[in-house]
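Enquirer: Next input, structure requested:
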Amino acid sequence: MPASRRTATVLFLDIVGSTRIASDLGDARFRELISRFNRIVGVGLRRDGGREEDRAGDGFFATFAEPAQAINCACRLSEDVRELGIEIRIGIHTGETERVDGKTQGIAVVIGARAMSLAAAGDILVSNTTKELATGAGFSFEDFSAHELKGVPGVWQLWAVTGADGTPRPGPMLAADAAERLRAIDGPRPERGKRRRVMIAGLTSAAVVAGGLALLLPRGEETPGQQTKPTAPAPGTLIEIDSAGRAVSKIPLRPLQLARTNRHTPHPLVFGQGGVWVIRRDQLIHVDPIDGEEVGRVATGRGNPVSINITSGYDAIWLMTDFELLRVNPATQEVRSVVSLQRGPALSWTTDVTVGAGYVWAATSDGELIRFDPRTGDVARTRVPSSIDAIAAGTGAVWLSDLLVGTVTRLDPETMNPDEPLAIPDGADALVMDGPDLWILSRTAGLVTPFIDGQMRPQIRVGEDPTSLAAGMGAIWVGDEDGIIRRIDSETRQIEELPMKAPIRALAVSEDTDTLWVDIA
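Expert: This is a model prediction of the structure:
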C-alpha cells in the first residue's frame, strides 16, 4: 500500500518510574493502575481531538491536527493522572508524517519520542516548530535548551510548557500525596464466584448476582451493628460500570421532566469522541467522563421535534430529528445540518440514526433510508415498502425493523438493495449489531432474539419491561424498568443480572475504556 503523507502534531507520553511503581504495588495492583491510567489517557485524547496511534505498556503515542490541541491535552492529562499518584512525561513535535500499512511513521514521530525521553516527571517538552505554530494560543514556555536527538540529524531546540491561558502549570506532586494515592489502588475484584451464570435458553428467569452492583450504589446512614440497604440512584444520574461490574463513576444531571419527554428517543445516550452525550428534554448534554462535569448543552435543531436520536462515529456526534440530520463537532459543539427531511404537512415521523459500514445511516418511519458519506458529504436515498422503526449497521450489512409488520430486513450498504424480510413475530423495537451478528429486542414480549451466522437462535427472556439495548465488551446489555441490567454473553448466550435499584432509561458502551454507561430514568 502506498504511503500517505500529512502534517500532524505527534505526542508521546509514559509513566515516570513505572518499574519501581510496579515493584511496590505488585502484579495485580499494578494491572489495576494501568487499567485506570489507560482509561484516563484514552478518554482525554479523544476529548481534545487526539487520535491514539499506539500504546505499549505504560506509554501512548497519539497525533493531533493542531499543535494547540496537543499541548492543551498534555496539560490536562498531566494533572488528570495525578489522581492515581503518578507523574507522566510528555514530548510533542509537529511535522510531516506518513502512514504506511495503517501505521503513522516518519522523522517527526522519532523527534516526538526523543523529546519525551529528555523530559522529567511532569514535564511537557515541545519542539521549536510546535512552539512557533502555537503562538497566540495562550501557552507560556521556558527555554529547555538545544539538544542532539538520537537518530535525528542536527541540533533541536526544545521548550518546556509552563502555563496555559495565563495560569502557571502546577509543580510536581508531593511525594507524600503520591504515596497516599498509590496506596488506594486496589487490585481487580474477583468476579464474585464467576457471577453464577445461568443458561437462559428455555428458562423464564435468571439468578441475580449476589452482592452485585447494588453494593456500589449510595447507602443510607448506618447504625452500629446494623447494615442498611443501598438507596436508589437519583433520577437523571449517569453511572459508569467497568467490565468487572463495578461502578467507577456517578454523575448527577438534572432530572427529566415528564411533561417534556414525550418523544421517540430509543437512543438518547452515547459515548464517543471522548465524551458522554445524553438527550435531556430538547437539548443534547455533553459530559466530560473524567471530570464528571457538564461541558455544554446543544440545541436539538429547529422546530419542536417529536423524534430525537444520537450516535457517534467518524469524528463527530450525529443527531437525527424528524426534521434533519445534524453533525455536532465534539470539540466546539458547533451544530451543522447536513441532510434535511422532505416532510409533508401534518406528518409526524419517528426517526433513527446509526453509523457503520463507512457511512452515517438515518431512517424515517415512512420508509425512507438515507446514507450520508461523512468524508465527501454525498447523500443517497432509497425507500423500502414498509415502515422503518429501528436501524443498525455493522460488518457488511444494514438492518431495518418494521415494528407493526414484525420483520427485520437486511440491506447491502453499497447498493442499498434489500433482501427478503425476516419475520419476528414478537416485534423488533430495537436492533444492535455485535460484529456481523444482529440482536433484536422485543419490548412488549421481553425477549431478545439473536440472528447469528445467518440463523435465528433461541430467544432469551430479559425482563418484563426492557427499555434499552447495547452491544460491546463481549456481551449484549439490556436495561429494564425493573432496575436490572441483564448481560448476555455474546458467545455462550448465558445471562447474568446486575441490580441498579432504579429504572434504566438507556445504555451505552465505551469501547475506549471497556465500560458501560447507564442513564437512570
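
Enquirer: and residue 35, that one's in a helix?
Expert: Yes. Assigned with DSSP: H, G, I helix; E, B strand; the rest coil, residue 35 falls within a helix.

Enquirer: Next, count neighbours for it.
Expert: The tally of other residues near residue 35 (other C-beta atoms under 10 Å) stands at 16. For every residue, glycine as well, the C-beta is placed using N, CA and C.

Enquirer: where's it relative to residue 84, distance?
Expert: Relative to residue 84, residue 35 is positioned 10 Å away (C-beta to C-beta, to the nearest Å).

Enquirer: same check, this time on residue 119
Expert: On the measure of C-beta to C-beta, residue 119 and residue 84 end up 18 Å apart.

Enquirer: ok, now residue 285?
Expert: Per C-beta to C-beta, residue 285 is found 27 Å from residue 84.

Enquirer: ok, now residue 39?
Expert: In terms of C-beta to C-beta, residue 39 sits 10 Å off from residue 84.

Enquirer: What of residue 490?
Expert: From residue 490 to residue 84 the distance is 31 Å (C-beta to C-beta).

Enquirer: mind listing the helices for the protein?
Expert: For the chain, the helices defined by DSSP state H cover 18-25, 27-47, 67-80, 107-117, 128-133, 175-183.

Enquirer: Please name whichever of these is nearest to residue 404.
Expert: helix 27-47 (38.9 Å; C-beta to C-beta).

Enquirer: other SSEs contacting that closest one?
Expert: helix 18-25, strand 51-56, strand 59-64, helix 67-80 (3 or more C-beta pairs under 8 Å, 6 or more residues apart in numbering; DSSP states H and E).

Enquirer: out of these, nearest to residue 453?
Expert: Per C-beta to C-beta, nearest to residue 453 of those: strand 51-56, 32.0 Å.

Enquirer: List the residues that contact residue 416.
Expert: 369, 371, 380, 382, 398 (C-beta atoms under 8 Å, 6 or more residues apart in numbering).

Enquirer: Start and end of stretch 361-376, how far apart?
Expert: Distance across stretch 361-376, first residue to last, is 15 Å (C-alpha to C-alpha, to the nearest Å).

Enquirer: er, stretch 504-521 actually
Expert: 5 Å.

Enquirer: what about residue 174, distance to residue 85?
Expert: For residue 174 relative to residue 85 (C-beta to C-beta), the value is 11 Å.

Enquirer: give the contact list for residue 363.
Expert: 351-353, 369-370, 388, 391, 400.

Enquirer: which among those gets closest to residue 152?
Expert: For these, the nearest to residue 152 is residue 353 (46.4 Å; C-beta to C-beta).

Enquirer: how many other residues sit next to the closest one?
Expert: 24.

Enquirer: More neighbours: which of residue 490 and residue 84?
Expert: Each of residue 490 and residue 84 has its neighbours counted (other C-beta under 10 Å); residue 84 has more, 21 against 18.

Enquirer: any idea how far that one is from residue 293?
Expert: 19 Å.

Enquirer: hmm, back to that, including pLDDT, neighbour count and distance to residue 28, could the contacts of residue 416 go into a markdown table?
Expert: Formatted as a markdown table, these follow (pLDDT from 0 to 100; neighbours: other C-beta atoms under 10 Å; distance: C-beta to C-beta, whole Å):
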| residue | pLDDT | neighbour count | distance to residue 28 |
| --- | --- | --- | --- |
| 369 | 93 | 20 | 49 |
| 371 | 96 | 22 | 48 |
| 380 | 96 | 12 | 52 |
| 382 | 93 | 14 | 53 |
| 398 | 95 | 25 | 43 |
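
Enquirer: would you turn those into CSV with distance to residue 465?
Expert: Below are those laid out as CSV (distance: C-beta to C-beta, whole Å):
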residue, distance to residue 465
369, 29
371, 34
380, 37
382, 34
398, 28
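
Enquirer: Check those against residue 67 and report the nearest one.
Expert: Closest to residue 67, out of all of those and judged by C-beta to C-beta, is residue 371, at 35.4 Å.

Enquirer: Could you tell me which residues make contact with the closest residue to that closest one other than its chain neighbours?
Expert: Computed as C-beta to C-beta, 6 or more residues apart in numbering, the closest residue to residue 371 that is not its neighbour in sequence is residue 380, at 4.4 Å. Contacts for residue 380 (C-beta under 8 Å, 6+ apart) come out as 370-371, 416.

Enquirer: same thing with residue 98?
Expert: Applying C-beta under 8 Å, 6+ apart, the residues near residue 98 are 3-6, 104-106.

Enquirer: can you map out the strands along the stretch 401-521 of the chain?
Expert: Secondary structure of the stretch 401-521 of the chain (DSSP state E, counting those that start in this stretch): strands at 407-411, 422-423, 430-434, 437-442, 447-452, 455-456, 460-461, 466-472, 475-480, 484-489, 494-499, 504-510, 515-520.

Enquirer: With respect to residue 364, which of the ones you listed lies nearest?
Expert: Using C-beta to C-beta, the strands of the stretch 401-521 of the chain put strand 407-411 closest to residue 364, at 14.9 Å.

Enquirer: Distance from the chain centre to that closest one, please.
Expert: In terms of C-alpha atoms, centre = their mean, to the nearest Å, the centre of strand 407-411 is found 27 Å from the chain centre.

Enquirer: Use 50 as the first number for this chain going forward.
Expert: From this message on, residue numbering opens at 50, which makes the last subject strand 456-460.

Enquirer: Identify each buried residue in that strand, please.
Expert: 456-460 (16 or more other C-beta atoms under 10 Å).

Enquirer: Just give me the closest of those residues to residue 383.
Expert: residue 460 (31.5 Å).

Enquirer: Out of the contacts of residue 147, who's the most crowded?
Expert: residue 153 (20 neighbours).

Enquirer: Show the model's pLDDT score for residue 412.
Expert: At residue 412, the model reports a pLDDT of 90.

Enquirer: excluding its backbone neighbours, what's nearest it?
Expert: residue 437 (4.0 Å).

Enquirer: What's the local residue count around the one you found?
Expert: Counted with other C-beta under 10 Å, residue 437 comes out at 24.

Enquirer: contacting residues around it?
Expert: Contacts of residue 437 (C-beta under 8 Å, 6+ apart): 401, 412-414, 416-418, 449-451.

Enquirer: before we move on, what about residue 402?
Expert: Residue 402 neighbours (C-beta under 8 Å, 6+ apart): 316, 358-360, 367-369, 374, 409-412, 440.

Enquirer: let's see it at 7 Å
Expert: Neighbouring residues of residue 402 by C-beta atoms under 7 Å, 6 or more residues apart in numbering: 358, 360, 367, 369, 374, 409-411.

Enquirer: ok, now residue 472?
Expert: With contacts defined as C-beta under 7 Å, 6+ apart, residue 472 is in contact with 455-456.

Enquirer: Let me see the confidence value for it.
Expert: 94.

Enquirer: Repeat that for residue 255.
Expert: In this model, residue 255 is scored at 34, pLDDT.

Enquirer: so how far is residue 467 from residue 316?
Expert: 22 Å.

Enquirer: More neighbours: which of these two?
Expert: residue 316 (22 against 17).

Enquirer: Please work out how many residues are found near the nearest residue to that one once chain neighbours are set aside.
Expert: With C-beta to C-beta, 6+ apart as the criterion, residue 316 has its nearest non-adjacent residue at 4.3 Å, and that residue is residue 358. Neighbourhood size, residue 358 [other C-beta under 10 Å]: 26.
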